[in-house]
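Asker: need a structure here:
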Amino acid sequence: QLAYFWCSGENAELHIINMDGTDDRIIYSGKDENTPWPVAWSDDGKNILAFTKDDKEKNKDEMVIQVVLVNPEDGAIKVVNTFTGLQTACCGSISPDGKYVVYSIQQAKDSHANDLFISTTDGSKHELLVKDESNDVNPIWMPDGAGIIFLSDRAGTNDIWSMQIENGQAQGEAELAYSN
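Answerer: Residues are numbered from 1 along each chain as shown. So this is what the prediction gives:
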């Protein structure tokens, strides 16, 4: 199945559709900024990782970004983490065992760079995983769940880096996996 965001004016919807284009259904409907923007599915198909944004009437100092899991059956939303005063969030993935999510969040208001975070899917634990002045984005779990790969410009070009993770904790520093 495919999850997608559909916007018409101020109204937006989160849809699920079969890969052959059949059975298009709305699982969440609301205002544009509050509707979950889907970024990844769990391996078991029971959760969609998404971001929501509430711009508090366009005041970016009060903007709230939430990392959420959406149940594809009924559209129920479970908040994993909340950030206030930032403008962007993008990219993330759910660990193969379904216990953790990794995602990139803007470093600071008006910054063009992102840092990587890890949270438990139940929202009980949050850690800053990768923090530096570079732009770290697109974290993806390795198929065996032993770590992540991500894109970073820390060496001056957009390169692929890897980090080993065990029980939600980084095991050492990020290592260059592929130089552009």
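
Asker: A40 should be in a helix, yeah?
Answerer: No - counting by DSSP: H, G, I helix; E, B strand; the rest coil, A40 falls outside a helix, being strand.

Asker: surely it meets G92?
Answerer: Yes - if you go by CB atoms under 8 Å, A40 and G92 touch, sitting 5.9 Å apart. C-beta: built from backbone N, CA, C; applies to glycine.

Asker: any common contacting residues for the two?
Answerer: L49 (CB atoms under 8 Å, 6 or more residues apart in numbering).

Asker: against E10, how distant is the nearest residue to G172 once chain neighbours are set aside?
Answerer: Excluding the flanking residues, the one nearest G172 by CB to CB, 6 or more residues apart in numbering is Q164, at 6.2 Å. Distance, Q164 to E10, by CB to CB, to the nearest Å: 44 Å.

Asker: who has more neighbours, those two?
Answerer: Counted by other CB atoms under 10 Å, Q164 and E10 do not tie: Q164 has more neighbours, with 15 against 9.

Asker: and the more buried one, how far from Y28?
Answerer: From Q164 to Y28 the distance is 35 Å (CB to CB).

Asker: in contact with the most centrally placed residue in the chain, which residues?
Answerer: For the chain, G92 is the residue whose C-alpha lies nearest the centre (CA atoms, centre = their mean; 3.4 Å). For G92, the contact set (CB under 8 Å, 6+ apart) comprises 39-40, 49, 51, 67, 101-104, 139.

Asker: and for A89?
Answerer: The contact partners of A89, taken as CB under 8 Å, 6+ apart, are 51, 53, 65, 67, 83, 103-106.

Asker: bridged to the closest residue to S179 other than its chain neighbours, which residues?
Answerer: Once flanking residues are discounted, S179 sits nearest to D159: 5.1 Å by CB to CB, 6+ apart. Beta bridges link D159 to S152 when assigned by DSSP bridges.

Asker: got a pLDDT number for D159?
Answerer: With respect to pLDDT, D159 has a value of 97.

Asker: go on, the one 5 residues further on?
Answerer: Reported pLDDT at Q164 in the predicted model: 97.

Asker: quick check: it touching G147?
Answerer: Yes - if you go by CB under 8 Å, Q164 and G147 touch, sitting 4.2 Å apart.

Asker: where do the contact lists of the two overlap?
Answerer: In contact with both Q164 and G147: Q171, using CB under 8 Å, 6+ apart.

Asker: quick one: L69 is in a helix?
Answerer: No - counting by three-state DSSP, L69 is located in no helix; its state is strand.
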